[in-house]
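In: got a structure for you, letters missing:
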């Protein structure tokens, strides 16, 4: 199984990295960029063959390792093994 | 316009962060995690109303600011303004 995991800051949580990128874009001439929010993205390859077991494991992985549940949300997609990540 | 941007390391480029996460997962008891690759994820809000103009601008933004084209690939999706990011 392969999985794609997206971790994003919860709404209302300040994102200084995103703000810095937005200012930097304005400074190098990109106008009309109103907001940039930065998150994390992971591609994971799992041994599990069972979709439900993989989903359960990924939930725990996201909760315990990949995200900070106090300030971040996560979501993931599970893909068939033969899909190229 | 809103956009979601994904930046990933090119194939063959070492990913020490991903490797560290994989080892850490094994250490806290998650077995069967064979590979973790870490990337970046951005949500961007643009003024542009024209899909083609937005796409052109995003390409330049990805190339010049969000990715290192020597070692990273990027892809993005453009979404209608009313979609919640």
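Out: Nice, I can see it. Model, not experiment: these values are computed from the prediction.
In: what packs against the helix or strand harbouring residue A:36?
Out: When secondary structure is defined by DSSP states H and E, residue A:36 falls within strand A:33-46. When contacts are defined as 3 or more Cβ pairs under 8 Å, 6 or more residues apart in numbering or on different chains; DSSP states H and E, strand A:33-46 sits against strand A:2-9, helix A:16-27, helix A:51-61, strand B:2-9, strand B:33-46. To be clear about C-beta, it is placed using only N, CA and C from the backbone, and glycine gets the same treatment.
In: closest to residue A:72 out of those?
Out: Closest to residue A:72 of these is strand A:2-9 (Cβ to Cβ; 5.3 Å).
In: what angle do that closest one and strand A:33-46 make?
Out: Orientation of strand A:2-9 against strand A:33-46 (axes from the mean of the first three to the mean of the last three Cα atoms, to 10 degrees) gives an angle of 140 degrees.
In: contacts for strand A:2-9?
Out: The set of residues external to strand A:2-9 that reach it, using Cβ atoms under 8 Å, 6 or more residues apart in numbering or on different chains, is A:15, A:37-46, A:54, A:58, A:61-62, A:66-67, A:71-81, A:83, A:85, B:41, B:43.
In: just the pLDDT for the nearest residue to residue A:33 once chain neighbours are set aside.
Out: When the adjacent residues along the chain are set aside, residue A:33 lies closest to residue A:25, with 4.9 Å between them (Cβ to Cβ, 6 or more residues apart in numbering or on different chains). According to the per-residue confidence, residue A:25 scores 97 in pLDDT.
In: tell me how far stretch A:44-56 lies from the chain's centre.
Out: A distance of 18 Å separates the centroid of the chain from that of stretch A:44-56, by Cα atoms, centre = their mean, to the nearest Å.
In: hmm, who's touching that stretch?
Out: Outside stretch A:44-56, the residues within contact range by Cβ under 8 Å, 6+ apart are A:1-5, A:57-58, A:61, A:76, A:78, A:85, B:31-37.
In: list buried residues within those.
Out: Those of the contacts of stretch A:44-56 that meet the buried threshold are A:1-5, A:57-58, A:61, A:76, A:78, B:33, B:36-37, by 16 or more other Cβ atoms under 10 Å in any protein chain shown.
In: TSV for those, including distance to residue A:50 and pLDDT?
Out: Supplementary listing: those in TSV, determined by distance: Cβ to Cβ, whole Å; pLDDT from 0 to 100:
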residue	distance to residue A:50	pLDDT
A:1	8	89
A:2	14	93
A:3	13	96
A:4	18	96
A:5	18	97
A:57	10	95
A:58	12	96
A:61	16	97
A:76	16	97
A:78	10	95
B:33	15	95
B:36	20	97
B:37	23	97
